[in-house]
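1. Return a 3D structure for these sequence lines:
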Amino acid sequence: VGGTDSVGTHPSHMGAGLVAANLDSDPAVSVLAVGTYSCYTTAGGDFYCWGTAAWFNGVQLAPERVPLSFKVSRVSCGLTHCCAMDAAGVVRCWGDGTQG
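-> Model (predicted):
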């Protein structure tokens with residue numbers, strides 16, 4: 001998180017050599033990685049992402065809170081979209097809508 005170097009290309013990068021992400025927020029309760037971006041959900045229901053995604057404005061090198069109008073209970077993302085569910089079970093999706 002926060003860099004542009006490849007990680008995991010050498011055995012010394014893994015295990016104890018793997019740098020922990022400084023999330024600077026509520027504790028993460030779930031994490032996902034899709035293609036060129038990664039995201040996590042906090043215990044408080046906030047959703048953060050970094051990397052390159054169709055719905056970002058450019059490349060995010062550090063986690064940035066996705067400005068949703070609700071707290072996230074569950075989330076699933078594809079290469080160009082995400083869908084999130086709130087505590088009441090209402091699902092909302094965003095991203096590239098060219099595939100339906």
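2. Can you list the buried residues in the helix or strand hosting Ala62?
-> Element membership for Ala62 (DSSP states H and E) is strand 59-65. Neighbour-count burial for strand 59-65, with 16 or more other C-beta atoms under 10 Å as criterion, is recorded at Gln60, Pro63. Using the backbone N, CA and C atoms, a C-beta is placed for each residue, glycine as well.
3. and what of stretch 40-60?
-> In terms of neighbour count (16+ other C-beta under 10 Å), stretch 40-60 has its buried residues at 40-42, 45-51, 53-54, 56, 60.
4. Looking at those residues, which is nearest Thr80?
-> Ala54 (4.1 Å; C-beta to C-beta).
5. returning to what we had before: note down every partner strand of the strand holding Ala62 and its orientation.
-> strand 47-52 (antiparallel) (DSSP bridges).
6. following the worst-scoring helix or strand of the chain on mean pLDDT, which helix or strand shows up next?
-> Least confident helix or strand, the chain: strand 59-65 with a mean of 82, by mean pLDDT, DSSP states H and E. Once the chain leaves strand 59-65, the next helix or strand it forms, by DSSP H and E, is strand 74-77.
7. So which other helices or strands are in contact with that following strand?
-> strand 28-34, strand 37-42, strand 81-85 (3 or more C-beta pairs under 8 Å, 6 or more residues apart in numbering; DSSP states H and E).
8. Can I get the second one as CSV, trimmed to CA atoms?
-> Read that as strand 37-42. The C-alpha coordinates for strand 37-42 follow below in CSV (Å, rounded to 0.1, in the frame of the first residue of the first chain):
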residue,chain,number,x,y,z
TYR,A,37,-7.1,-2.4,-7.3
SER,A,38,-7.7,-3.5,-3.7
CYS,A,39,-10.2,-2.5,-1.1
TYR,A,40,-11.2,-3.1,2.5
THR,A,41,-14.2,-2.6,4.7
THR,A,42,-13.8,-1.2,8.2
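9. That strand versus strand 59-65: what angle between them?
-> Angle of strand 37-42 versus strand 59-65, following axes from the mean of the first three to the mean of the last three C-alpha atoms, to 10 degrees, is 10 degrees.
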